[in-house]
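Undergrad: Quick one, fold the following:
(6 chains)
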Protein chains: 4
Amino acid sequence: MSPRRAAALRGGDRDLREHLIAAAERLIARRGTAGLTVRDIAREAQVADGVLYNHFGDKEELLAQALHAHVRSAERALGELAVRPGGDTVERNLRAYLDRGLALHAAILPAFAGLLARPDTLARLAALPNPMAAGRGLRSELADYLRAERDLGRLAPDADVDVAATMLIGACHELILPRLLRGESAAELRIPPGFVDGLVATVLAGIGPH
Amino acid sequence: MSPRRAAALRGGDRDLREHLIAAAERLIARRGTAGLTVRDIAREAQVADGVLYNHFGDKEELLAQALHAHVRSAERALGELAVRPGGDTVERNLRAYLDRGLALHAAILPAFAGLLARPDTLARLAALPNPMAAGRGLRSELADYLRAERDLGRLAPDADVDVAATMLIGACHELILPRLLRGESAAELRIPPGFVDGLVATVLAGIGPH
Amino acid sequence: MSPRRAAALRGGDRDLREHLIAAAERLIARRGTAGLTVRDIAREAQVADGVLYNHFGDKEELLAQALHAHVRSAERALGELAVRPGGDTVERNLRAYLDRGLALHAAILPAFAGLLARPDTLARLAALPNPMAAGRGLRSELADYLRAERDLGRLAPDADVDVAATMLIGACHELILPRLLRGESAAELRIPPGFVDGLVATVLAGIGPH
Amino acid sequence: MSPRRAAALRGGDRDLREHLIAAAERLIARRGTAGLTVRDIAREAQVADGVLYNHFGDKEELLAQALHAHVRSAERALGELAVRPGGDTVERNLRAYLDRGLALHAAILPAFAGLLARPDTLARLAALPNPMAAGRGLRSELADYLRAERDLGRLAPDADVDVAATMLIGACHELILPRLLRGESAAELRIPPGFVDGLVATVLAGIGPH
DNA sequence: GATGAATGAGACTTCATTCAT
DNA sequence: GATGAATGAAGTCTCATTCAT
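TA: Sure thing, here's the model as predicted:
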């Protein structure tokens, strides 16, 4: 009645479309998007070479989906950010944002790295429901938070929250990108201790003479 | 009897090795590293496909050299940075650094984009005399400048200059990277007015309550 | 409990085998045999991809059946040829044969076109009850008619009826084939006026000096 | 100085482009255009799989060239047609045309057979210098000859030479096509004795009552 | 050393056929 | 019997690299 299931799903898995996305995501997390071939994915999924095309228009479509899934997995793994403007202290809240930002970038940037060479895949990814193109979402989320704190009087009334958010998220990039360029794998991306504290202190107090 | 010179050098040019690097650099500046083939480079250099292998171990090696040259070209094009700790005002000096940083990143990042997919090439690049992998040099230069100003008393005595430099250079990344991910070509990368001023003001004064 | 019927037959249609042949025939009439895939046929029949193999050994067998059906449809569409040796005039009778021949070839040849590339399918078709491979039937029918007229004295007693039939049917091919080779679709195959009259006159009178 | 030659050309052959066309032509002559793959051609030419693309834009282009060459080979093999209007007898001249036509069709039609399924290749072929699409040239050549004979008074003054040419060439098609449809290889296409004589006699004298 | 055609592995994709449900 | 996803062989084409000239 129902058609045959893939041998790889014998274990009572989900459907094969998800299975393929998961396999691609696994490979992306492990080796990035760099030399990823259709055959690699099929092999990782323990599935015939051609299946992919029963579920996706082409390789790019699967890749876009896998990246999307990868981003969402990373977010899910980090859990909800329990930060409320006005709650706790601004310092601790900012630290929470930055910890999360660093972790997210460390997980996501390597995957995006190989993508800069493939404008098409990027376009496909951008067309998906929740774009969040490379942490852009996080930056405006942070800007919103800062704005709210400023309105509550916990930040200087003339604070340029957009610029501040850009600097903070940018610092996360700056910490991670050069290591990628040096070829460090995602796993070894370790953040130097005190880095986040320094950021928070500096952005709050400034470096100008008091 | 001296060996034959490449057709493209008949005019009594430099040596062929440099000629090839220059051709590759030209292509990188124009189209990025994305779909660059050996044949593209040979054609741009007006030279036979195979010469490359008389001067470089393989394509990656040439690419690494061309990237290196590209970075140095960009720096040279921007001229010397005439900033002296203690000179002028700190604000104007910082603005000079940031203007330069933005221009440099806009010129260089697109070239590196396609490279993230090629760890080998990156490794080769890192092995070259003057690494400066993607603005790393600029950041420490800026940190040095800030340190000097702090020692001169024009910045807060407890200013964390490394963190500040990271934030500032990171903000430059943050401005340019997302646009690359959206596929904007290098030419259209225009910086919003006032961005630099905002950065300088914010980093000096901080956003905390006074 | 009788076996399940295909979804497409729920309306209480004929049996599925015929349904598939009809679907394939429709596609052949519409687009020729060129890029016809098994999936195309299944989709046209609104039926699962695999059913085909419950009723036919393989794709070729279905194709052969569909072609056969296509030929018979074309014949049926043209109606019975109401020509009787000795009836009416020979001229008018020949014109009737040729009009029919041209119409039949125009309908059938495009379908066969893609088939010349598949010797297997042709062999299968030839094995079917009423081969009639591409007008062969028409030619011998015409030869029989001519023979009868000769016996009735309405043609020269030494007329070579087989050769005459070959020339006439061949002229129909010659009119249609080159247009197919030029890629004209079946729909645009229009016969130049006066062509049939010219054929009849020439075959009757000859072109030698009287 | 000069680049390397293909191993297959070691015997001091022509250039590889011609070598490839010749190989493809050989395969076409042997098996038709039906299931001809790029790899088949490369193997027949004893050459690497990819070479083809150093000399032709794609497979279709090579195929078109090979077909063109095949047609010209067939013509060359048959030699010049030494027929002059007014010379010899009309009967013998017509026989010469028909012998040539049959031989040409027998050699060429099988090659074109597989092509009806590939409109693109046909278009490419038509774009080549000497189209001669499938014997079209022969028909008008024959019509010209008949016209000249009519003007010389050796044919009936009201003879419809175009129709006559169409019938004669069409008869050649009719003799060969059905055998192709039956899957007979080019080699076995033997013309029944007396067929040509019958054609000539019939077209000259007609089959109507005298 | 320079030349540039030859090489051939490997990428993406299609599609006839199978088979668990 | 029907279903339609899974299978995997095969096809076309690209491109870094080699090598006779």
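
Undergrad: Please make it C-alpha for all contacts and neighbour counts, starting now.
TA: Fine.

Undergrad: A:V161 is in contact with A:L146, correct?
TA: Yes: with contact defined as CA atoms under 8 Å, A:L146 counts as touching A:V161 (5.8 Å).

Undergrad: Is any residue of the helix or strand of chain A with the lowest mean pLDDT near chain B?
TA: Lowest on mean pLDDT, DSSP states H and E among the helices and strands of chain A sits helix A:119-127, with a mean of 77. Yes: Helix A:119-127 comes into contact with chain B (CA under 8 Å from any CA of the partner chain), by way of A:P119, A:L122, A:A123.

Undergrad: possible to save those residues as JSON lines with distance to C:D49?
TA: Putting those into JSON lines (distance: CA to CA, whole Å) gives the following:
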{"residue": "A:P119", "distance to C:D49": "36"}
{"residue": "A:L122", "distance to C:D49": "34"}
{"residue": "A:A123", "distance to C:D49": "33"}
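
Undergrad: out of those residues, who's nearest D:A34?
TA: The closest of those to D:A34 turns out to be A:P119 (CA to CA; 38.8 Å).

Undergrad: In terms of helix, strand or coil, where does A:T33 fall?
TA: coil (DSSP: H, G, I helix; E, B strand; the rest coil).

Undergrad: Show me which residues of chain A sit near DNA strand E.
TA: A:1-5, A:10, A:36-39, A:49-51, A:53, A:57-60 (CA under 7 Å from any atom of the strand).

Undergrad: For the residue most central in space within chain A, what is the enclosing helix or strand?
TA: Chain A has A:I108 as the residue nearest its centroid, 3.7 Å off, counting by CA atoms, centre = their mean. Applying DSSP states H and E as the criterion places A:I108 in helix A:90-113.

Undergrad: Check the offset of that helix from the chain's centre.
TA: 9 Å (CA atoms, centre = their mean, to the nearest Å).

Undergrad: Please apply the same query to stretch A:203-210.
TA: The answer for stretch A:203-210 is 31 Å, by CA atoms, centre = their mean.

Undergrad: hmm, it in reach of chain B?
TA: Yes: using CA under 8 Å from any CA, stretch A:203-210 reaches chain B at A:V203, A:L204, A:A205, A:G206, A:I207, A:G208, A:P209, A:H210.

Undergrad: Make a ChimeraX selection of the buried ones in those residues.
TA: Here is the ChimeraX command that selects the buried residues among those (16 or more other CA atoms under 10 Å in any protein chain shown):
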select /A:203,204,205,206,207,208
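
Undergrad: Spatially nearest residue to the residue of chain A found nearest chain B (excluding sequence neighbours)?
TA: Residue nearest to chain B within chain A: A:G206 (3.5 Å; CA to the nearest CA). Leaving aside its sequence neighbours, A:G206 sits nearest to B:G206 (CA to CA, 6 or more residues apart in numbering or on different chains; 3.5 Å).

Undergrad: Run through the residues that contact the nearest residue to A:H19 once chain neighbours are set aside.
TA: Distances taken as CA to CA, 6+ apart place A:A45 nearest to A:H19, at 6.9 Å, with adjacent residues excluded. Contacts for A:A45 (CA atoms under 8 Å, 6 or more residues apart in numbering or on different chains) come out as A:A8, A:H19, A:L20, A:A23, A:A24.

Undergrad: mind running it again at 10 Å?
TA: If a contact means CA atoms under 10 Å, 6 or more residues apart in numbering or on different chains, then A:A45 has A:A8, A:L9, A:L16, A:H19, A:L20, A:I21, A:A22, A:A23, A:A24, A:R26, A:L27, A:R39 as its contacts.

Undergrad: Please tell me how far it sits from B:D58.
TA: Counting by CA to CA, to the nearest Å, the separation of A:A45 from B:D58 is 34 Å.

Undergrad: same question, A:A106
TA: In terms of CA to CA, A:A106 sits 31 Å off from B:D58.

Undergrad: higher neighbour count, these two?
TA: Just comparing A:A106 and B:D58: by other CA atoms under 10 Å in any protein chain shown the higher neighbour count belongs to A:A106, 26 against 12.

Undergrad: quick revisit: near the closest residue to the residue nearest to the centre of chain A other than its chain neighbours, how many residues? Count them for me, please.
TA: Of all residues not flanking A:I108 in the chain, A:V71 sits nearest, at 6.3 Å (CA to CA, 6+ apart). Counted with other CA under 10 Å, residues neighbouring A:V71 total 26.

Undergrad: In this structure A:V71 contacts A:E25, no?
TA: Yes: between A:V71 and A:E25 there is a contact at 9.5 Å, judged by CA atoms under 10 Å.
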